[in-house]
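[1] Got a sequence here, can you model it:
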Amino acid sequence: MKNKPLFWRVNQLLTILLYELLIFGGYAFSIPWLGWVLFGVLILLHIVELKTSLAIAKKHKVKTTRAFLMTVIFGFTWWLPLKRGLINR
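    Predicted structure coming up:
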C-alpha cells in the first residue's frame, strides 16, 4: 500500500483535513487559541523537515520554492514518496 501514489495523495489530503480540524476544532470547543497553537506546532514540525526535503528535491530537480511550500504544507507525505520515485514533483 505504501508503494502506491494514491496512498500518499490520501495522506496529503488528510494533512489538510488535520489543519482544518485543529483550527475549527479549537473554535468548536471554545478554545480557539489552542487550535492555532497546535496548527503552529504542526507547521513548525514541517519546517524541521526542510533540510531533508530540500536535499531530496534538489536530486529530483524540483525548484526550491516549490519544495519549500510543499514541505511546509504536506511534510513527509510529499518528500518521502518523491524520494521513493512514487510521485513526480
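
[2] Tell me where the longest helix sits in this protein.
    helix 5-28 (DSSP state H).

[3] Tell me the buried residues in that one?
    Using 16 or more other Cβ atoms under 10 Å as the burial criterion, the residues of helix 5-28 that qualify are Trp8, Asn11, Gln12, Thr15, Tyr19, Leu22, Gly26. To be clear about C-beta, it is placed using only N, CA and C from the backbone, and glycine gets the same treatment.

[4] Could you find the closest non-adjacent residue to the most centrally placed residue in the chain?
    When Cα atoms, centre = their mean is applied to the chain, the residue found nearest the centroid is Phe74 (1.4 Å). Nearest residue to Phe74 in three dimensions, chain neighbours excluded: Gln12, at 4.9 Å (Cβ to Cβ, 6 or more residues apart in numbering).

[5] likewise Pro81?
    Trp8 (4.1 Å).

[6] Which parts of this structure are helices?
    Under DSSP H, the chain gives helices at 5-28, 32-48, 50-59, 64-74, 76-83.

[7] Serialize the ones you listed to CSV and add fields for mean pLDDT and distance to Arg89.
    Listed next are these as CSV, based on pLDDT from 0 to 100; distance: least, Cβ to Cβ, whole Å:
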stretch, mean pLDDT, distance to Arg89
helix 5-28, 94, 13
helix 32-48, 95, 18
helix 50-59, 96, 8
helix 64-74, 96, 7
helix 76-83, 95, 7
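
[8] List the contacts of the residue nearest to Pro81.
    Contact analysis of Trp8 by Cβ atoms under 8 Å, 6 or more residues apart in numbering lists Thr77, Trp78, Leu80, Pro81, Leu86, Ile87.

[9] Surely Gly25 and Pro32 touch.
    No - using Cβ atoms under 8 Å, Gly25 is not in contact with Pro32; the gap is 9.4 Å.

[10] ok, back up a step: quick check, nearest of the buried residues of helix 5-28 to Ala55?
    Among the buried residues of helix 5-28, Trp8 lies closest to Ala55 (Cβ to Cβ), at 18.8 Å.

[11] what about that closest one, distance to Arg84?
    Using Cβ to Cβ, to the nearest Å, Trp8 is found at 9 Å from Arg84.
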